[in-house]
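J.: Turn this into a structure:
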Amino acid sequence: MDSHARGSKITCCEYGSKPRAGVEEDPSFKQIIPYLLVRHRGRLFLVQRSTEGGETRLHGKYSIGVGGHINRGDVEGAQDVIAAGLKRELEEELLIRGTWQARPVGVLNDDSNPVGQVHFGLVHVVEVDSPDISVRESDTLAGRLAALQDVRAVRGHMETWSRLILDAADPTTL
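T.: Residues are numbered from 1 along each chain as shown. Here you go, the predicted structure:
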């Protein structure tokens, strides 16, 4: 799943001879990240990262999406690598009691900051049938369902990808 876009190599699952830590700082590689907007009846799951999380560039930031790297071991044998990575990431980050369904709604490419320079987002809306959602890693994240006005109220404290989505569309209707 490699292609070239604007001089960056887009990678999924493979980093070639580079360790992941090296790729995280190398803008010549773009890592594919499933970015999931979790929604229940028009409300969004709003998360805030603590200072205990691994990505120091995102400490204290709010987000309307959860996501992460697709790792080879997580998707081996899968017919749809993106769907398998999305499912693994969703189940790793959140505890959703009830059923859910994901659908793609867009992509994110933001070279304006160091985090965006090394990541390429595949944005999905995840509709859940129950409001009973919680974060799994409560030491690194806090989360709750929030109305759009509450989400917009913390926009200035959001990570870039969430701000870009809020500025481009109403995420409660995507």
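J.: so is residue 83 in a helix, a strand, or just coil?
T.: Under the three-state scheme (DSSP: H, G, I helix; E, B strand; the rest coil), residue 83 adopts helix.
J.: Can you tell me how far it is from residue 108?
T.: Residue 83 sits 18 Å away from residue 108, going by Cβ to Cβ, to the nearest Å. In this view, the C-beta of every residue, glycine as well, is placed from N, C-alpha and C.
J.: Equivalent analysis for residue 129, please.
T.: 26 Å.
J.: next one: residue 169
T.: Relative to residue 108, residue 169 is positioned 12 Å away (Cβ to Cβ).
J.: ok, the two, which is more surrounded?
T.: residue 108 (20 against 13; other Cβ atoms under 10 Å).
J.: I'd say that one and residue 161 touch.
T.: Yes - Residue 108 is within contact range of residue 161, at 5.2 Å (criterion: Cβ atoms under 8 Å).
J.: name the helices or strands packed onto the longest strand seen in the chain?
T.: Looking across the chain with DSSP state E, the single longest strand is strand 29-40. Counting contacts by 3 or more Cβ pairs under 8 Å, 6 or more residues apart in numbering; DSSP states H and E, strand 29-40 is packed against strand 8-11, strand 43-49, strand 66-67, helix 81-93, strand 100-108, strand 119-128.
J.: one more time with 6 Å, if that's ok
T.: Helices and strands touching strand 29-40, by 3 or more Cβ pairs under 6 Å, 6 or more residues apart in numbering; DSSP states H and E, are strand 8-11, strand 66-67, helix 81-93, strand 119-128.
J.: in its sheet, what does that strand sit against?
T.: Strand 29-40 has its sheet partners listed here by DSSP bridges as strand 8-11 (parallel), strand 43-49 (antiparallel), strand 66-67 (antiparallel), strand 119-128 (parallel).
J.: Can you say which of the helices and strands packed on strand 29-40 is packed in most?
T.: Across the helices and strands packed on strand 29-40, averaging neighbours per residue (mean count of other Cβ atoms under 10 Å) puts strand 66-67 on top, at a mean of 22.
J.: Report the distance from that one to the chain centre.
T.: Its chain's C-alpha centre and that of strand 66-67 lie 3 Å apart, by Cα atoms, centre = their mean, to the nearest Å.
J.: State the mean pLDDT of that strand.
T.: When pLDDT is averaged along strand 66-67, the result is 91.
J.: can you list the residues that contact that strand?
T.: 33-36, 89, 93 (Cβ atoms under 6 Å, 6 or more residues apart in numbering).
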